[in-house]
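J.: give me a model of this one.
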Amino acid sequence: MGRRILDLTVADPKGLVRESYQIEGISDAECRSILIDWALSLGRGVETAEALRVVLAHYGAGADAHPMTAVLTAGLMAPTTPRRRGGRAARVEQG
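T.: As a prediction, this is how the structure comes out:
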C-alpha cells in the first residue's frame, strides 16, 4: 500500500510537472515524455494515481488548454484490457 501524498514535494519531487507548465509552446509529445520522466522520479511507495491527482489539482487548475493538463488527465484513465490472444488460441479459429 502506498503512502498518502500530502504535498507537492512528494507528488512532483523534481519539479518536472511544474516546469512543463512554464514552457511556452510545449507539445503533446514533450508532455508525454516529461510524464514518463516524472513517473520514474516518484519515490518508492508513492501511488502514481494519487500523485497525478495532486499535481493536476495544483498545476492544472485553470489551465484546461495546456497540453500537460490533457496528458495528466489521460494518465488517470484506467488502461483498457488487451484483447490479444497468443499461442494456439490465436491460430485456431473458434467456432
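J.: every contact and neighbour count from this point should use C-alpha atoms.
T.: Will do.
J.: please identify the helix or strand for residue 54.
T.: helix 48-59 (DSSP states H and E).
J.: now that helix - C-alpha only, PDB.
T.: Provided in PDB are the C-alpha atoms of helix 48-59 (Å, rounded to 0.1, in the frame of the first residue of the first chain):
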ATOM      1  CA  THR A  48       1.000   7.200  -9.200                       C
ATOM      2  CA  ALA A  49      -2.700   7.900  -9.500                       C
ATOM      3  CA  GLU A  50      -2.700   9.900  -6.200                       C
ATOM      4  CA  ALA A  51       0.400  11.800  -7.300                       C
ATOM      5  CA  LEU A  52      -1.300  12.600 -10.700                       C
ATOM      6  CA  ARG A  53      -4.400  13.900  -8.800                       C
ATOM      7  CA  VAL A  54      -2.200  16.200  -6.600                       C
ATOM      8  CA  VAL A  55      -0.200  17.700  -9.500                       C
ATOM      9  CA  LEU A  56      -3.300  18.000 -11.700                       C
ATOM     10  CA  ALA A  57      -5.300  19.800  -8.900                       C
ATOM     11  CA  HIS A  58      -2.400  22.200  -8.300                       C
ATOM     12  CA  TYR A  59      -0.900  22.900 -11.700                       C
END
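J.: name the helices or strands packed onto the next helix or strand after it?
T.: Once the chain leaves helix 48-59, the next helix or strand it forms, by DSSP H and E, is helix 67-76. In terms of contacts (3 or more CA pairs under 8 Å, 6 or more residues apart in numbering; DSSP states H and E), helix 67-76 is packed against helix 16-22, helix 28-41, helix 48-59.
J.: my read is that residue 69 contacts residue 56, right?
T.: Yes. At 6.7 Å, residue 69 and residue 56 qualify as touching, with contact defined as CA atoms under 8 Å.
J.: mind checking which of those two has more residues around it?
T.: residue 69 (23 against 20; other CA atoms under 10 Å).
J.: find the nearest non-adjacent residue to the more buried one, please.
T.: Nearest non-adjacent residue to residue 69, counting by CA to CA, 6 or more residues apart in numbering: residue 60, 5.4 Å away.
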